[in-house]
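[1] Need coordinates for the following:
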Amino acid sequence: VVYNESELRLAVEKALEASKKKHFIVEKYMQCEDMGMYYTFKDGVCSASCIYDRYTTDEQPGLSRVCLGGTYPSKHIKKYFEKYNLSIDVQAYWPKGFFVANKGITKASSLKKLCNFLNIDIKEVIAFGDGENDIEMIKEVGLGIAMSNGTEELKKIADDVTIDVEDYGTKFFLEKMGII
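    Predicted coordinates for the structure are as follows:
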């Protein structure tokens, strides 16, 4: 951990001396509640593979903070992507994780490309969704269906609502319509 530019320069020199391939990681901390990251190294490339909120203690004066627990994904992840100008959008959260994609890539934009490729009018498509990342897609298609476990905002703009995704709501709706 460094606290100013001169300390950073010294740390970079030390890292270069210690690294055979002259590769190292520099993390810049944001001014926010404590956040942690895990990294994945593959074929010599390092990437952040997890960003989480840390709950720490300063009970050891003069030493680094001790992590007592963490919550994944971090509530700061969008702020992190924006601050460091990463071309990634967090499109939706749910209890088991979150959806990320390159900026400008959404379910709706992908569906439009698929329809264009297949020479199908997007208004001939039925789409099902349950989250905030489905709103644009549900608005674009000819028949947008929300799952009953979906967000209230999605259910308001959907053409219809079917039963919960866990109860095979998609199959139920398509059978009810006589499609399958």
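
[2] secondary structure class for E175?
    When classified by DSSP: H, G, I helix; E, B strand; the rest coil, E175 comes out as helix.

[3] So what's the residue count around N133?
    A total of 22 residues lie near N133 under the criterion other CB atoms under 10 Å. (C-beta placed from N, C-alpha, C; glycine too.)

[4] Could you report the pLDDT at it?
    N133 is assigned a predicted lDDT (pLDDT) of 87.

[5] now the helices for this structure?
    Secondary structure of the chain (DSSP state H): helices located at 5-18, 77-83, 107-118, 135-140, 152-157, 169-176.

[6] Show me what the last one is packed against.
    Okay, so that is helix 169-176. Packed against helix 169-176, as judged by 3 or more CB pairs under 8 Å, 6 or more residues apart in numbering; DSSP states H and E, are the following elements: strand 126-129, strand 143-147, strand 160-162.

[7] re the thing from before, highest average neighbour count across the helices of the chain?
    helix 135-140 (a mean of 19; mean count of other CB atoms under 10 Å).

[8] how about G142, what does it touch?
    121-126 (CB atoms under 8 Å, 6 or more residues apart in numbering).

[9] biggest separation within these, which pair?
    Of all pairs drawn from these, the one with the longest distance (CB to CB) is D121 and I126, at 12.6 Å.

[10] hmm, back to that, may I see the helices and strands packed on helix 169-176 arranged in CSV, with mean neighbour count as well?
    Rendered in CSV, the data for the helices and strands packed on helix 169-176 read as follows (neighbours: other CB atoms under 10 Å):
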stretch, mean neighbour count
strand 126-129, 20
strand 143-147, 23
strand 160-162, 17
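
[11] TSV please, covering those and showing distance to Y84.
    What follows is those, written out as TSV (distance: least, CB to CB, whole Å):
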stretch	distance to Y84
strand 126-129	30
strand 143-147	34
strand 160-162	39
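
[12] mind putting the ones you listed in a markdown table, mean pLDDT and distance to K107 included?
    As requested, the helices and strands packed on helix 169-176 are exported to a markdown table (pLDDT from 0 to 100; distance: least, CB to CB, whole Å):
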| stretch | mean pLDDT | distance to K107 |
| --- | --- | --- |
| strand 126-129 | 96 | 8 |
| strand 143-147 | 97 | 11 |
| strand 160-162 | 97 | 18 |
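
[13] picking that back up, would you mind putting the helices of the chain into JSON lines with distance to I163 alongside?
    Formatted as JSON lines, the helices of the chain follow (distance: least, CB to CB, whole Å):
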{"stretch": "helix 5-18", "distance to I163": "56"}
{"stretch": "helix 77-83", "distance to I163": "32"}
{"stretch": "helix 107-118", "distance to I163": "21"}
{"stretch": "helix 135-140", "distance to I163": "17"}
{"stretch": "helix 152-157", "distance to I163": "13"}
{"stretch": "helix 169-176", "distance to I163": "4"}
